[in-house]
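Participant: Output the structure for:
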Amino acid sequence: MGSEGTSVTTIHVTGFKRFHGVSENPTETIVSNLKAYMQKKGLPKGLVLGSCNVLEVAGEGALAPLYNFLESAAMGRDSESTNAGRVILLHFGVNSGSTTFAIENQAINEATFRCPDELGWKPQRVPIIASDGDISRTRETSLPVNEITKALAKMGYLVIPSDDAGRFVCNYVYYHSLQFAEQRGIKSLFVHVPLFLTIDKETQMQFVASLLEVLASLP
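Facilitator: Here you go, the predicted model:
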């Protein structure tokens, strides 16, 4: 469990808008409704739900709003005069072919988009951050993915750990977020969810609430 006293975990959340092949992105619905849902349900002790943002499904052309989100999340921590505790950047994306939730352990420094993003960019085997080296470079989250997965599975959710976030915009955003988090001494995590046709909206909202609870309880 989290340490006693004034220690707080602040979690800032993103989802994505609809994109080619996905006319309704469940993460847009989840993130847009999360604050009201958690207000009704009640936040776990020691948890602050920060900003909730829905991102364009785009890579290079959407870096400015992504970094605005990352900087504002880190700035809130930097400006705290008391113990701000842990800050987590929590990103949600959809895997339309999946039947389970997936907690992503890492991102890979490769952008190879199977179709153009929503701003028309279609990179092939391009390093996401050139200064990081070639496309085989990976960055891992510093959060305990296996522990998080086991805790959620015990609650009855269909959830797996994953080492492959794809090569599309989800992986692109996660890679930038992981590098940023490392530089600023905060945490980053990406979670893939299935479509609402596969796991219904209420169950997905419950899953996210349970995930927040698990993250708040980490030592």
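Participant: All the helices of the protein, in order from the start?
Facilitator: 26-41, 63-78, 145-154, 169-184, 201-217 (DSSP state H).
Participant: between the ones you listed, which gets the lowest average pLDDT?
Facilitator: Lowest mean pLDDT within the helices of the chain: helix 63-78, a mean of 87.
Participant: helices or strands next to that one in the packing?
Facilitator: Counting contacts by 3 or more Cβ pairs under 8 Å, 6 or more residues apart in numbering; DSSP states H and E, helix 63-78 packs against strand 9-16, strand 47-55, strand 86-94, helix 169-184. (C-beta placed from N, C-alpha, C; glycine too.)
Participant: Give me the angle between it and strand 47-55.
Facilitator: Inter-element angle recorded for helix 63-78 and strand 47-55: 170 degrees (by axes from the mean of the first three to the mean of the last three Cα atoms, to 10 degrees).
Participant: starting at the chain centroid, how far to helix 63-78?
Facilitator: Relative to its chain's centre, helix 63-78 lies at 14 Å (Cα atoms, centre = their mean, to the nearest Å).
Participant: How about stretch 138-148?
Facilitator: For stretch 138-148, the distance to the chain centre is 12 Å (Cα atoms, centre = their mean).
Participant: hmm, back to that, make TSV out of the helices and strands packed on helix 63-78 and add distance to Ile148 and mean neighbour count.
Facilitator: Output for the helices and strands packed on helix 63-78, formatted as TSV (distance: least, Cβ to Cβ, whole Å; neighbours: other Cβ atoms under 10 Å):
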stretch	distance to Ile148	mean neighbour count
strand 9-16	13	23
strand 47-55	15	18
strand 86-94	11	25
helix 169-184	15	22
